[in-house]
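Colleague: Need a 3D model of the sequence below.
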Amino acid sequence: MTKSGFLVIAAVAILTLLSLVYFALTIDSPEGTTTLVIEPPVSVIENSPPVVPSRPTATQPNSPLPQIRLQPQQEPASLAVAEPEIASLPEEVELVEPEPEPEPEPSDDEDINLVELPSLTDSDSFVFENLRTLQNGMALVELLADDQVVRKFVVFVENISRGEFPQTGLPYKALGQEMPVTEIDDNLFVMEQVAHSRFDQVVEVFVETDTDAAVTIYRIFSPLFQQAYAEIGFRNVSFDETLRTAINNVLQTTNMQGPYQLVKPSVMYLYADSSIENLAEVHKQLLRIGPDNTSALKAKLREFLTQL
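Modeller: Below you'll find the model as predicted:
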């Protein structure tokens, strides 16, 4: 493009600009129009409080915008922070090794369990040997049967536990003395007072036996008694309980005073008074040994029962 061309274009541009300025100054603004004046931005001064816009009042009914009330925010409550507790360090404890406990001494029951027992059939010599260790053991052995003492004693106790009194197979020797009586009429007799004295020696030996030592020996013989008890059909029954029952049967009898009238319809004497004859056999046997011997026998049995 030539220089004259640029000059023509520049002249046209100047004329156009001048025409626009002329129209802007001579033409009035049309009615109903609103002139918007934009204020220059206000410079924000540092650290100045923020400008809070004024809230619309109730006198502005035609406000197109909804009224919004701003609730002041409450500051959150400060949480109390507890200071941590610092546990004190445990004191050092010196460990002391316990002294070894002394071994317990074997009890009497353990000593009894250590005794080697013979067979039931061969137990007589073992029984007599142990009974002789008692204070009056020699006199006691002299009163007992010569053989099968354990079996005979078990049968004797079982009968007394039922209130019976066996006439044969007794664990002690027979007295060998007839009961002294006085005939007062045809087949009517009276038991003499001296009849009770026949049992004095037997009761005296029994009463003088040391109770503690007798119980200890009984515990030694206990397995043999239990075995003999099982032989006669009591396999699941404690012989100790049967012995307690037998002793209680003796203790529950009442002492009676003679003289007693007797009859002899056959070989055996019977009590003429039916109320006496109908008593349990063990009770009638105690009447034969007399009230004094019965009282001494009961006292010894009570001692034995408390330790059984």
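Colleague: switch to C-alpha atoms for all contacts and neighbour counts from now on
Modeller: Fine.
Colleague: What is the end-to-end distance of stretch 277-294?
Modeller: End-to-end distance of stretch 277-294 (CA to CA, to the nearest Å): 18 Å.
Colleague: low-scoring stretches of this structure, by residue?
Modeller: The chain contains residues with pLDDT under 70 at 1-13, 15-113.
Colleague: the strands in it, which residues?
Modeller: According to DSSP state E, the chain carries its strands in the segments 181-185, 188-191, 261-263, 270-271.
Colleague: Which among these is found nearest to residue 131?
Modeller: Minimum separation from residue 131 across the strands of the chain (CA to CA) falls at strand 188-191, 34.8 Å.
Colleague: Show me what the closest one is packed against.
Modeller: Here strand 188-191 touches strand 181-185, strand 261-263, going by 3 or more CA pairs under 8 Å, 6 or more residues apart in numbering; DSSP states H and E.
Colleague: Give me the sheet partners of that strand and which way each runs.
Modeller: strand 181-185 (antiparallel), strand 261-263 (antiparallel) (DSSP bridges).
Colleague: can you count the residues close to residue 202?
Modeller: By other CA atoms under 10 Å, 16 other residues sit near residue 202.
Colleague: same question but for residue 237, I mixed them up
Modeller: Residues near residue 237, counting by other CA under 10 Å: 12.
Colleague: Same question for residue 151.
Modeller: Neighbour tally, residue 151, other CA under 10 Å: 23.
Colleague: Setting aside sequence neighbours, what's the nearest residue to it?
Modeller: Excluding the flanking residues, the one nearest residue 151 by CA to CA, 6 or more residues apart in numbering is residue 228, at 5.6 Å.
Colleague: so what's that neighbour up against?
Modeller: Neighbouring residues of residue 228 by CA atoms under 8 Å, 6 or more residues apart in numbering: 120, 150, 151, 154.
Colleague: of these, buried ones?
Modeller: Buried subset of these (neighbour count, 16 or more other CA atoms under 10 Å): 120, 150, 151, 154.
Colleague: For these, give me CSV that also has distance to residue 206.
Modeller: Shown next, in CSV, are the buried ones among the contacts of residue 228 (distance: CA to CA, whole Å):
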residue, distance to residue 206
120, 24
150, 17
151, 20
154, 18
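Colleague: For residue 142, state which of those residues is nearest.
Modeller: residue 150 (15.4 Å).
Colleague: For the nearest residue to the closest one once chain neighbours are set aside, which residues are in contact?
Modeller: Nearest non-adjacent residue to residue 150, counting by CA to CA, 6+ apart: residue 225, 6.3 Å away. Residue 225 is in contact with 150, 151, 154, 239, counting by CA under 8 Å, 6+ apart.
Colleague: how about a cut-off of 7 Å?
Modeller: Counting by CA atoms under 7 Å, 6 or more residues apart in numbering, residue 225 touches 150, 154, 239.
Colleague: Redo those residues as a markdown table? Include distance to residue 135.
Modeller: Listed next are the contacts of residue 225 as a markdown table, based on distance: CA to CA, whole Å:
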| residue | distance to residue 135 |
| --- | --- |
| 150 | 21 |
| 154 | 24 |
| 239 | 26 |
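Colleague: can you tell me how far residue 268 sits from residue 180?
Modeller: With distances taken as CA to CA, residue 268 is found 13 Å from residue 180.
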